[in-house]
Structures are given as C-alpha cells and as structure tokens.
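Trainee: Sequence and computational prediction follow.
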Amino acid sequence: MQLNHLTVENRKLLDLRQEYLPELVAKPELFWPFLRPCPVKVLIVADGLDFSEGGFGLTAFVRTLLDMPGRHVRFRITLAHINAAAASQMMPAEARIVNRITSFKFDNAAHFAVDMYDEVFLFGIASTFGARGTASNGQPYPADRLADPELRLITQFMNAGGGLFATGDHGSLGRALCHAIPRARNMRLWQSTSAQIADDEVSMGGPRRNDTNRIGNDAGSQFDDQSDDVPQPIQPKMYTRRNGLLRYTFPHPLLCSPRGVIRVMPDHPHEGECIEPPNPNLALNIGGALGPEYPNAVDAGARPLPEIISTNSVLSGTTSGGKAPTAAQAFGGISAYDGHRAGIGRVVTDATWHHFVNVNLTGDLGAPPLNPKRLGFLVSAAGQAHLEEVKAYYRNLAVWLATPERIRCMNARLCWTLVWSDRVMEAVLSTADVKLSALDIGVIALIGRHARDVLGRYAGQCQSVRLIFDLVLQRAIPKLIPEIDPWMPEPDRLVKTFDGVPWFDAEPLLDIALGGALVALREAFPNPDEKMAEQLDTGRLQEVMLRGSVEGLEMGIKSAVTSANRVRSEMKLG
C-alpha cells in the first residue's frame, strides 16, 4: 500500500501505532490486565526432523503457534529431540521457546511427566532408533519403538486428558517414534502394506503411492512441485444437522478457518496414509491395566471412534520427475479422535509431516535464486492465501488438542475479549449498562450475532458454535446436545423421528444463547480490573453465563412459539 500522501504528523501517528501492535499481540495483559491469555503447554518432539530454518525444519509451524492471533491463548512451547541435536537445530534465537531438550526420553522425569504438558506433538522420521541407553525399567531402550515405561506414561497422559498429535511420512518413516503409541498406532499406516512395490499403498515410487503433487510453474510433473505456490486440494468431511431444529453444515473444527472451510494442504510426491481403526475394541496392555483403547462416551452420545476428517487425492499419471506414473485414487489425509467425549484426551494423526516442514511451505533453499520454488507459498498473493489456510489448520490443532480445562479457560478469555476488547455490546446498544431483563429478544440475538461474526474473524466460524455448545448449551440443554451438535454421531431417535421437513431454523437460538451469556457477563462485572482475572478460572464465570444463556433461550422459545401460533391462527384451512 502506497502511503506517500501522509503528512509528517500522520506518518508519526502510524509509526507509533505500528510500534504498539507487536507488544499488544504478544502481551495484551499489559494493556488489559484482566485479559491474561490462557497458557497452554505444548511439547513438540522430533527424531530426525529439526527446528532449524532448513528444508526439513519445523520453524514455520512453530512460529505459527507462537504468533497465535487473539488474546485468548498463548502456547508455551518446549522443543525436544530424541537425538543429541545441535543448538542450531533448536531455534536458539527464538526467545519465546520455554525449554529445549535434547536426547529426550519420555521416562526421564526431568523431560516428561503426566501433568507437565497439555499436549504433545510427535514428528517421526526414524524407522529405527540408534542406541538410547537403558530405560527406567532397567531394560535397553528398544530400537524400533519407545520403551514400555515411555508408552505407559504417554498413555497415562492421554487418559488424563492430554492431547496427542502424531505423524510420519511414506513407508515406515516415523514408525519408531509413533507406531506403538495407543490410539495413534491404529489411526495411521506406520509401515508398507506390501513387499511388492506395485501393491504398496504407501511406497516411495510405486504406482499406488500417495503422490499429491500438482503441476506448478514448470511444464510437466516435477519432484520439486512440492515447493511451489500450488497446493493440493483436499476434501473435508462435512458434518450436518437437519433435524427440524437446526440446519447447518460444517467441516471438522480442525478444518474451519476465519476464511471458511480449509480445502488445501501442501503437496508431496509420497505421503503416508491415515485410516480408521480396523479393530476399535482393543484393551491397553502396557505393563498393567490402562482401560480400553477407545472407551465409551461419558455424554449422551454413542462411543466416539477415530474418523477420517479429510481425504486427499492422487491424479492419474503423475510422475514427479521420474517416478512410476500414478493410478488415480483417494486416501485419508487426517484422522481425528474426540477423546473428550470419553473422558480422555484427543488424538490426531496426519498423512505426512511434509504438511508442516519448511520445504513445503516457504520453499526450497537449494533452488536457484530466481526460481519461484525458492520461496514456496510466499512467492505470490495466491500462495500466501493458501499458506494462511494451512496456518489456520496448525492453530486449530493446538486449540482442539488442549485439555478440557484449558479449552474452558480459552473460551472464558474469548468471552471477556468479546465484551471488553471487541466491545460487541457497544456496537449494538447506545449504552452497555443495561440489564438482560430490560432487553428484547431481537437485541439479544443481534448482540450474539455480532459476537459470532467478530469471533469468526480470528478464531474461525466453527469456534463460535463450539464455544456456545461447550460453555453454555452443554449445561443448559444437555439432552438436546446429541440432536443439535453436528460433530456428534447422529442418535437413532433423531433418525426415527425426523420426518424430513426442517420446519424450524433455530440457528437464531445460538445467537440468543451467546448474546444472553455476554449481557449477563457484562452485568455481573461492570467495571473490569485485574482482580476480575481471578474469576476466569473458577465456576463463577460459567454460572453467570449459563444464567444469561438460559434466560435468553427461554425468551427465544417463547418468541418462537408465539410466532408459530400466530401463523396457525391466521391460516384458514377447509
């Protein structure tokens, strides 16, 4: 943008504003003491990839989490490497990294404990480990997997609510780090499916490989098309509720961005593959009883199981610079398990870490200086737009995998932000100092609609719906949640009772539920100060918002019934 027209005074105003912005983003609590972001502790473990600026570095991914927009969460990241990685491989210049651990072991109490982190990301490349010494059980660490004490601790971490992400690449890349971990072990292929390359579904060069490369700036199919600004399209699974009460369609929350549905990922000539468990009834037998691998639901819905939430496609005849021409096919790109519905942690697997490393995002540093593939998605406006979609996926992962406690914390911060920073009530009312009982239902709905719009701009449209479900509706109308939550399995009674005609679009009730909750929040805490921050992590905030939501919903239902009765009274049949 050209700003040559600015006067000296206005240029100074702009410069001061630009100086203020980074500090506002990094430390909003300096300006709003009551808006302290929720801290989420993240452990990222690699065993062959690293955290350098090189092509197989994860720095673009890590910085995306560190630069999380909004004032509701800050990710406190610890970087870990299974090997004795050099300091230069651990983002030494990034002051926001909380800790760096090399020669990492899950059964070293200084490295890992069940309550030390909220979520763990595993980026595996090794098929077998080198020598790691002796594990805490006195046995040598296995060469092809984590040791039993490590697996037990990770399982206990997940059973306590901790989130887990795991990925590798084609064939057995990533197998050593990930393949023995419960739940993740059967949500993805961790080795070749056949000794015959022609039949192997995750080979490096066979015709059935998962080659997602799309032709970019060069003529023909090149291996390094993975480093251009042309992504692969993906097909997200869509979740719908059309039950006579609500009508809407969303992707999984992991694939919902401020710009809409995420439909692209970086491409690569040979990806791995995500699957749904062929046997979900396994018990966990890692040195003692740890319960079923996939427990029953603790809510009113059916037992949650892993599901493929996006599908990637392979075009016919792709050679990627000399490989065998591919056969057209589709395969699982992301698998997700909502363990929160079973009282345990969530799990996600991805087909490949090439969706996360620098060479597939910001370009190949080995390409000639004037080659567009040296800059990756950064080379064009279209590429940068695609990169923003990919970054939204990264941030969604870190939010969705957090423990239920941390998610409640984030939701609370989001609500405080909507009321006091985004000022959604002032945008609708001439005065914000009003009682909920003094507002009519249309105004309450308008406040909620405006809040959802603001929230969607930096947290994604799915986040506004998820917040309403998690913060208020789960307690206000628990029996209806299975019928209105699109991400829960559809209950049998809904299939049997829905007559196919969606008479009632109750989406305004979502606006009313949120609007009522925010008005009640402002009414209960009219003068924000630092002491109010103490209320964020107690049940006080949730009780206030629940009361406001219920009051608003009661008004909304009364309005809906009145409107339906009026239509009925004005109809003359026969």
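Mentor: Sure thing, it's come through.
Trainee: Would you confirm that residue 151 belongs to a strand?
Mentor: No: read with DSSP: H, G, I helix; E, B strand; the rest coil, residue 151 is helix and lies in no strand.
Trainee: Could you verify my assumption that it touches residue 183?
Mentor: No: Residue 151 lies out of contact with residue 183 (C-beta atoms under 8 Å); the separation is 11.5 Å. C-betas here are computed from N, CA, C, even on glycine.
Trainee: more crowded one of the two?
Mentor: residue 183 (26 against 21; other C-beta atoms under 10 Å).
Trainee: Now do the more buried one, the pLDDT please.
Mentor: pLDDT recorded at residue 183 is 94.
Trainee: likewise residue 520?
Mentor: We have a pLDDT of 91 for residue 520.
Trainee: Equivalent analysis for residue 301, please.
Mentor: pLDDT, residue 301: 77.
Trainee: show me where pLDDT drops low in the chain?
Mentor: 1-3, 24-35, 242-247, 283, 285-289, 491-506, 529-538, 572-574 (pLDDT under 70).
Trainee: The lengthiest helix in it - contacts with which helices or strands?
Mentor: As assigned by DSSP state H, the longest helix anywhere in the chain is helix 539-570. The contact analysis (3 or more C-beta pairs under 8 Å, 6 or more residues apart in numbering; DSSP states H and E) places helix 539-570 against helix 404-416, helix 441-459, helix 474-476, helix 507-524.
Trainee: hmm, 6 Å instead?
Mentor: Judged by 3 or more C-beta pairs under 6 Å, 6 or more residues apart in numbering; DSSP states H and E, helix 539-570 is in contact with helix 441-459, helix 474-476, helix 507-524.
Trainee: could you redo the ones you listed as CSV and give each row mean neighbour count and distance to residue 373?
Mentor: Converted to CSV, those look like this (neighbours: other C-beta atoms under 10 Å; distance: least, C-beta to C-beta, whole Å):
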stretch, mean neighbour count, distance to residue 373
helix 441-459, 21, 31
helix 474-476, 17, 48
helix 507-524, 25, 44
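Trainee: Dump the ones you listed into a markdown table; add distance to residue 9 as well.
Mentor: Shown next, in a markdown table, are those (distance: least, C-beta to C-beta, whole Å):
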| stretch | distance to residue 9 |
| --- | --- |
| helix 441-459 | 31 |
| helix 474-476 | 52 |
| helix 507-524 | 37 |
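Trainee: of all those, which lies closest to residue 69?
Mentor: Proximity to residue 69 (C-beta to C-beta) singles out helix 441-459 among the helices and strands packed on helix 539-570, at 4.8 Å.
Trainee: Give me the contacts around the helix or strand that comes right after the closest one.
Mentor: Later in the chain than helix 441-459, the nearest helix or strand by DSSP states H and E is helix 461-468. Under the criterion C-beta atoms under 6 Å, 6 or more residues apart in numbering, residues 250, 253, 256, 411, 452, 455, 456, 510, 513, 514 lie in contact with helix 461-468.
Trainee: got the contact list for the closest residue in space to the last one that isn't next to it in sequence?
Mentor: With sequence-adjacent residues excluded and distances taken as C-beta to C-beta, 6 or more residues apart in numbering, residue 514 is closest to residue 448, at 3.9 Å. Residue 448 makes contacts with 511, 512, 514, 515, as judged by C-beta under 6 Å, 6+ apart.
Trainee: Great, nothing more from me.
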